[in-house]
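Fold the stuff below for me.
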Amino acid sequence: MKVRMLALAFALLPALAWADDPKFEYREPPDKPPPAVTFKGNAQLGLIFVSGNSESLGFSANGLFGVKRYHNAFETFVQGAYARAGSSSLGKGGPIDTETEAAKNWLFRVRYDRYFGERNSIFASYGMSGDPLAGYDYRIEPQVGFSRLFVKNDTSLLRGELGYDYTYDRYVVGSDPRHKDFHSARAFVGIEHKLTPYAGFLEGFELLWALNNVEHVRINSLSSLSAMISKHVTLKINLTIKANFDPPDRPAAIGGKYGVVDSILEAVLGVTFL
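Here you go, the predicted structure:
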C-alpha cells in the first residue's frame, strides 16, 4: 500500500507544479536588439488661411525634435505663423489702401515623459505662446498629468491624458485687467488612423476647464489628413480650431470682447529627417 501511495504522489506532483509555476517558452532572439536611444525629428512648412478675429492668407512653420532612452522621453516643439492682409477703408469691395498684420502667433513647448511599461506614462511640460490678435502678448502654461495608450495596432492608435494645467495670460497693452491666471483640469484624446498604406487621419482634442473660474473653458482641436509622397515627405491638410468661451476684453479704446473661435486651415508639406 505504501508503495502504491508513493507512486501516486509522484504521478500527481508534475501536474501540481504545472498549475502553479510560471511557464517558460523558448523564443528565437531578434536579429538586432532594440536601440537603447531613439530619435525623432520633423519640420513642416505650410500655407494657411486664417478666419475668426482676422482673415488672411499666410505662412506657418513648425519643427519637432524628440529623444527616448529606455523609459524616459524628452520632446521639444516650436511653431509660428505670420501673415499680412490688405483691406479697404471704404469697406467691402473698395480699393486696397491699408495693410495690417492678420496672423502673428508663436508657440514653444518642452515635455518629459516617464514610461511605465509600453502604455502608461506620467508627464510634465512647459509651454510659452503668444497671439496679440487673440488678445494676449504671451501665455505661460506648465502642465502635469497621466497618459494612457488604449489602442495600438497596425492601423490605429488611441491615447488619452488627464492632468492639471496652469495658465498665465499677459494681455495686450490697453487691456484691463492686464493679466489673469487660471488653474484648470485638463483632458486630452488623440486618435490616429491609417486609411491606406499611404494616407492617414489624425485628430487631437483638448479640454481645459478652469477650477478657479468655472466660466473659463478652452477647447483646442487639430484635425489632419495626410498623404505620403515619399518615405520622408508628406502632404497634409490641417484644420486647427481654438475656442475660448471666456475671451479677454479688448483694449478700452476699442471696446467689446475678442471673438470666441479662431481657426487655421493649412496646406502643409512635412519632412521627416529622423
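
Can I take it that residue 133 is in a helix?
Yes. Counting by DSSP: H, G, I helix; E, B strand; the rest coil, residue 133 is located in a helix.

That one and residue 222, how far apart?
In this view, residue 133 and residue 222 are 19 Å apart by Cβ to Cβ, to the nearest Å. C-beta coordinates here come from the backbone N, C-alpha and C atoms, glycine included.

who's more crowded, those two?
Remark: of residue 133 and residue 222, residue 133 carries more neighbours, 22 against 16, as counted by other Cβ atoms under 10 Å.

surely the more buried one meets residue 104?
Yes. With contact defined as Cβ atoms under 8 Å, residue 133 reaches residue 104; the gap is 6.1 Å.

Give the rounded mean pLDDT of the one helix or strand residue 148 maps to.
According to DSSP states H and E, residue 148 maps onto strand 136-152. For strand 136-152, mean pLDDT rounds to 96.

what's the distance between the helix or strand following that strand and the middle of its chain?
Beyond strand 136-152 in the direction of the C-terminus, DSSP H and E gives the next helix or strand as strand 156-171. Taking Cα atoms, centre = their mean, to the nearest Å, one finds the center of strand 156-171 at 8 Å from the center of the full chain.

coming back round to it: for the strand holding residue 148, list every residue counted as buried.
136, 139, 141, 143, 145, 147, 149 (16 or more other Cβ atoms under 10 Å).

Would you format those residues as CSV with distance to residue 176 included?
Formatted as CSV, the buried residues of strand 136-152 follow (distance: Cβ to Cβ, whole Å):
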residue, distance to residue 176
136, 14
139, 18
141, 22
143, 28
145, 33
147, 38
149, 45
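
Tell me the confidence at the nearest residue to residue 76 once chain neighbours are set aside?
The shortest distance from residue 76 to any non-neighbouring residue, by Cβ to Cβ, 6 or more residues apart in numbering, is to residue 110 (4.8 Å). Reported pLDDT at residue 110 in the predicted model: 97.

any idea what the nearest residue to residue 175 once chain neighbours are set aside is structurally, helix, strand or coil?
Leaving aside its chain neighbours, residue 175 sits nearest to residue 251 (5.5 Å; criterion: Cβ to Cβ, 6+ apart). Residue 251 falls in the coil class when you classify it by three-state DSSP.

Would you mind measuring from residue 251 to residue 261?
With distances taken as Cβ to Cβ, residue 251 is found 21 Å from residue 261.

Contacts for stretch 266-273, please.
Here stretch 266-273 makes contact (Cβ atoms under 8 Å, 6 or more residues apart in numbering) with 40-49, 60, 226, 232-240.

go with 10 Å
39-50, 58-65, 81, 224, 226, 228-240 (Cβ atoms under 10 Å, 6 or more residues apart in numbering).

Strands - which of these land there?
Under the assignment DSSP state E, these contribute 39-50, 58-65, 81, 224, 226, 228, 233-240 to strands.

what about stretch 205-220, how long is it end to end?
Stretch 205-220 has its terminal residues 6 Å apart, counting by Cα to Cα, to the nearest Å.

what comes up buried for that stretch?
Buried residues in stretch 205-220, counted by 16+ other Cβ under 10 Å: 206, 208-210, 216, 218-219.

could you redo those residues as TSV and give each row distance to residue 128?
Listed next are those as TSV, based on distance: Cβ to Cβ, whole Å:
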residue	distance to residue 128
206	17
208	16
209	22
210	19
216	19
218	16
219	20
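
now those as JSON lines including pLDDT?
Compiled in JSON lines, the buried residues of stretch 205-220 are given as follows (pLDDT from 0 to 100):
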{"residue": "206", "pLDDT": "97"}
{"residue": "208", "pLDDT": "98"}
{"residue": "209", "pLDDT": "98"}
{"residue": "210", "pLDDT": "98"}
{"residue": "216", "pLDDT": "96"}
{"residue": "218", "pLDDT": "97"}
{"residue": "219", "pLDDT": "97"}
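
In strands only, show me those residues.
206, 208-210, 218-219.

Now render these as JSON lines, adding distance to residue 118.
Output for those, formatted as JSON lines (distance: Cβ to Cβ, whole Å):
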{"residue": "206", "distance to residue 118": "23"}
{"residue": "208", "distance to residue 118": "28"}
{"residue": "209", "distance to residue 118": "30"}
{"residue": "210", "distance to residue 118": "34"}
{"residue": "218", "distance to residue 118": "31"}
{"residue": "219", "distance to residue 118": "30"}
